[in-house]
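Engineer: the following comprises the amino acid sequence and a computationally predicted model.
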Amino acid sequence: MAPIVKVEDLTKRYESGFTALEGVDLEIEEGEIIALLGPNGAGKTTLISTICGITMPTSGSVSVGGYDTVRDFRKARQMIGLVPQEISLEPFEKVVATVNFSRGLFGMSPNRGFVDDLLRKLSLIDKRDTKVKELSGGMRRRVLIAKALAHEPRVLFLDEPTAGVDVELRKDMWDIVAELKAQGVTIILTTHYIEEAEAIADRIAVIDKGRILLVENKADLMTRLGAKELRIELAEPVDAIPDSLAREGLELAPDGRALIYIYDTRSERTGITRLLADLQAAGLQLADLQTKQSSLEEIFVGLVHQADAAPAKEPAA
Amino acid sequence: MNHNAIVAIYQYEMARFFRTLLQSFISPVVSTSLYFVVFGAAIGSRIEEVEGVSYGAFIVPGLIMLSVMQQATSNASFGIYFPKFIGTIYEHLSAPIDFLEITIGYVGAAATKALFIGVVILITAGFFVDLQIQNWPAMIAFLILTCISFSLLGFIIGIWAKNFEQLQLIPLLVITPLVFLGGSFYSISMLPPAWQTVAYFNPVVYLVSGFRWSFFGMSDVPVLISLGAIAGFTALGLAVVAWIFRTGWRLRQ
Ligand SMILES: Nc1ncnc2c1ncn2[C@@H]1O[C@H](COP(=O)(O)OP(=O)(O)OP(=O)(O)O)[C@@H](O)[C@H]1O
Ligand SMILES: [Mg+2]
């Protein structure tokens, strides 16, 4: 199936001369949730803005639903809804008026039933005729989502939808995203909360300094890059690791009550069987065993550091 | 063409106008009345007639033009500057619309407001002086074209402006002087010859003159030239707006 969003060799240089995106390639499949992760200033908002038509690409191309976002901008943009990072709403306008405005702007005729339904789903129906300036921050963010969904888009961009939002509302937001996915809407979200990507995304893209470092299925990414940790609780504390056990990846916990073994799930031999056999041979009594997978956060921090350590490629002058 | 988008922008802008309807209504009524008191009574008692028309009646077309031009410019410039200022412009930029839809929506709304105010002034003036309008179609055409062309100008100013000072700058520094010097309250023929020549470089002269012709059948410049001037002015504004949206100047980075 052709990707619903296709970004090819996209470069964005701002008027200031700063290159915010460089040779970005990205394909997004219909119906998936993809999370864009990256540190501040990585280029996440720039990428979204360029796909949505707010900034112009310097070179490269973007298509949405097969329509080029520059040549066929009307058809391409018709499919897109955008929730921007900054909350920008006209303060004196009523909630329903600003949602109706968005719907009209995207070429749809008024539909009171649809808009009221949307407000109901976003728990805004009580605020239907309230002025935006009288809403709380979380409510305003939901108004932005209502505006983005007002024209029934197929692709939704959420630029940090849960920044500064309390735990409960964040869970609400995840439910909204899950429901949209169930309706077949493709969702691209950026976030600084890795547990958020871990909780809702199908795929993860990591971007740093305007380049995509990796795009991968979330589960694959976690197993591929994920080192696992085996914690062996000992019945009796020891002072040092016996020589017969010494091997790469094995350490003694500071209190001497546990051995910690880090192994790679990718390798053919994890060395666990061997380790356990050696433990028995050494006469150590085990109290408990635990394994733990590294979180996306650890993977992410590792990746960005790795990219920083790699020598920067200077373009030929 | 995205008709729903035009309607959405137009209605949204008009809603802002209707929220402050009383203000929109009162200020032109009060200022027109003041002009009549000051110019009509004080000056009019010295200048009895201008080319056969009582001075009070003579200044009505100029008064209307003055307010319409100011209102059209400030409404349109504010209309597009405000979303830029508060950041809601992202929605216009990401919507499936082109410059034509945005321009028709914003300029249409600003022109409608200016037209409303022009009509209010005309009616208010009717209470002070005996007005006769010789050529209704020409009067309406001049009024509407002026509303549109100055709304276009305001729209361009609103896109250009980077802050509120700049937003006020052109109306204050350029439009108001041009209108006052444009024969709103006097006939160009009353000026010394050297100043008459200078006056003909002022585009507003052509608009006021044509508008006044539709009332009294007399003008400083031939009415067809006036019509050509305003049509040319409108076309120029449209061309600039088209260029702005093609290049994304001051809107898209
Ligand atoms: N209008 C602009 N002109 C010049 N540089 C810009 C402009 N907008 C963004 N940048 C720069 O481009 C880079 C990427 O910015 P962008 O907003 O895309 O980052 P981001 O990944 O969204 O960051 P954050 O997580 O903080 O939102 C930054 O270095 C930023 O300073
Ligand atoms: Mg951002």
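Structural biologist: Received, thanks. Ligands and ions are numbered 1, 2, ... in the order given.
Engineer: can you pull the contacts of whichever residue of the stretch 151-253 of chain B sits closest to ligand 1?
Structural biologist: Closest to ligand 1 within the stretch 151-253 of chain B is B:Q253: 4.8 Å, counting by Cβ to the nearest ligand atom. Heads up, the C-betas are built off the backbone N, CA and C, glycines and all. Residues in contact with B:Q253 (Cβ atoms under 8 Å, 6 or more residues apart in numbering or on different chains) are A:Y14, A:E15, A:I54, A:T55, A:M56.
Engineer: from those, which two are the most distant?
Structural biologist: A:E15 and A:I54 (14.3 Å; Cβ to Cβ).
Engineer: what's the distance between A:D126 and A:A258?
Structural biologist: 54 Å (Cβ to Cβ, to the nearest Å).
Engineer: again, but for A:I80
Structural biologist: The separation that A:I80 has from A:A258, given Cβ to Cβ, amounts to 52 Å.
Engineer: neighbour count winner among those two?
Structural biologist: A:I80 (27 against 20; other Cβ atoms under 10 Å in any protein chain shown).
Engineer: quick one: pLDDT of B:G79?
Structural biologist: pLDDT, B:G79: 94.
Engineer: surely it is in a helix?
Structural biologist: Yes: under DSSP: H, G, I helix; E, B strand; the rest coil, B:G79 falls within a helix.
Engineer: OK, contacts around it?
Structural biologist: Taking Cβ under 8 Å, 6+ apart, one finds B:E13, B:Y106, B:A109, B:A110, B:G154, B:F155, B:G158 in contact with B:G79.
Engineer: now do A:E233
Structural biologist: A:R257, A:A258, A:L286, A:A287, A:D288, A:L289, A:Q290.
Engineer: for the second one, what are its contacts?
Structural biologist: Read that as A:A258. A:R231, A:I232, A:E233, A:L234, A:L252.
Engineer: in strands, which of the residues you listed appear?
Structural biologist: A:R231, A:I232, A:E233, A:L234, A:L252 (DSSP state E).
Engineer: hmm, the last one is touching A:V238, no?
Structural biologist: So the one you mean is A:L252. Yes: with contact defined as Cβ atoms under 8 Å, A:L252 counts as touching A:V238 (7.1 Å).
Engineer: A:L21 belongs to a strand?
Structural biologist: Yes: with three-state DSSP as the criterion, A:L21 is part of a strand.
Engineer: nearest spatial neighbour of it, chain-adjacent residues omitted?
Structural biologist: Using Cβ to Cβ, 6 or more residues apart in numbering or on different chains and skipping the chain neighbours, the partner closest in space to A:L21 is A:K12 (4.1 Å).
Engineer: what's the local residue count around the one you found?
Structural biologist: For A:K12, using other Cβ under 10 Å, the count is 23.
Engineer: and it, which of the three is it?
Structural biologist: Applying three-state DSSP: A:K12 is strand.
Engineer: can you pull out the strands in the chain?
Structural biologist: Reading this off chain A. Using DSSP E, strands in chain A cover A:5-13, A:19-28, A:33-37, A:59-64, A:67-68, A:80-83, A:155-159, A:186-190, A:203-208, A:211-217, A:227-234, A:250-252, A:258-264, A:286-293.
Engineer: correction: the question concerned chain B.
Structural biologist: Counting by DSSP E, the strands of chain B are B:49-50, B:53-54.
Engineer: pLDDT wise, what is residue 16 at?
Structural biologist: Here I'm looking at chain A. pLDDT, A:S16: 93.
Engineer: ah, I was thinking of chain B
Structural biologist: On the pLDDT scale, B:R16 gets 86.
Engineer: ok and the residue in chain B nearest chain A?
Structural biologist: B:A8 (2.6 Å; Cβ to the nearest Cβ).
Engineer: distance of the residue lying closest to that residue once chain neighbours are set aside from B:A76?
Structural biologist: Spatial nearest neighbour of B:A8, chain neighbours left out: A:G104 (2.6 Å); criterion: Cβ to Cβ, 6+ apart. With the distance defined as Cβ to Cβ, A:G104 ends up 20 Å from B:A76.
Engineer: could you do A:E251 as well?
Structural biologist: In terms of Cβ to Cβ, A:E251 sits 71 Å off from B:A76.
Engineer: can you list the strands that the least confident helix or strand in chain B by mean pLDDT pairs with?
Structural biologist: Of all helical and strand segments in chain B, the minimum by mean pLDDT, DSSP states H and E falls on strand B:49-50, at a mean of 78. Using DSSP bridges, strand B:49-50 pairs in its sheet with strand B:53-54 (antiparallel).
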